[in-house]
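Student: Output the structure for:
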Amino acid sequence: MPHATLYRWTEIPPEQLSPTLTRQFLSGEQCMMARIVLQRGCVVPRHAHPNEQIAFILSGSLRFTLGADEHSATVHIVNAGEVLVIPANLPHAAEALEDTVDFDLFAPPREDWIRGDDAYLRHGASPK
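Tutor: Next up is the predicted model:
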């Protein structure tokens, strides 16, 4: 019989992936939720993944650049209380315009994060 699992963010150890980016995440069978804290100026480099992403900005503001290159990119500034849905395989980057708390949902779960195969985030997220 299926069972529910209760998580508390205070009990999930944060990963300090760079000087300006901290991440916590939990995963179910079909989706993953992450709490990401970015300091103003933090840049998450352009990347893509086979997971649909739903980004909810709890506080602060992120500039998302979506598309394969800077010249044809679409830019969305997502502020506190707003949500951005990013389709699977769409290249994107983000920059924290102020200190930001972001909750991301991924479906299916990010296997690269679970394996720790996310060097672009561990070494790439840095002040501009």
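Student: okay, how far is it across stretch 68-75, tip to tip?
Tutor: 12 Å (Cα to Cα, to the nearest Å).
Student: Need the contact partners of that stretch.
Tutor: 63-67, 91 (Cβ atoms under 8 Å, 6 or more residues apart in numbering). Glycine gets a C-beta too; all of them are placed from N, C-alpha and C.
Student: Now which of those residues would you call buried?
Tutor: Buried subset of those (neighbour count, 16 or more other Cβ atoms under 10 Å): 64-66.
Student: Show me which of the residues you listed is closest to Thr100.
Tutor: Phe64 (11.6 Å; Cβ to Cβ).
Student: who touches the helix or strand containing that closest one?
Tutor: With secondary structure defined by DSSP states H and E, Phe64 is part of strand 61-66. Strand 61-66 is contacted from outside by 38, 46, 55, 73-80, 84, 86, 90-98, 100, 102, using Cβ under 8 Å, 6+ apart.
Student: mind checking the SS state of the most centrally placed residue in the chain?
Tutor: In the chain, the centroid-proximal residue (Cα atoms, centre = their mean) is Asp104; its distance is 5.4 Å. Three-state call for Asp104 (DSSP: H, G, I helix; E, B strand; the rest coil): strand.
Student: picking that back up, what's the distance between the strand holding Phe64 and the middle of its chain?
Tutor: In this view, strand 61-66 has its centroid 11 Å away from the chain centroid, taken as Cα atoms, centre = their mean, to the nearest Å.
Student: ok, now stretch 55-68?
Tutor: Distance, centroid of stretch 55-68 to centroid of chain: 9 Å (Cα atoms, centre = their mean).
Student: Could you number the chain from 28 rather than 1 from now on?
Tutor: Understood, numbering begins at 28; the last thing we discussed is stretch 82-95.
Student: Start and end of it, how far apart?
Tutor: OK, stretch 82-95 end separation, Cα to Cα: 19 Å.
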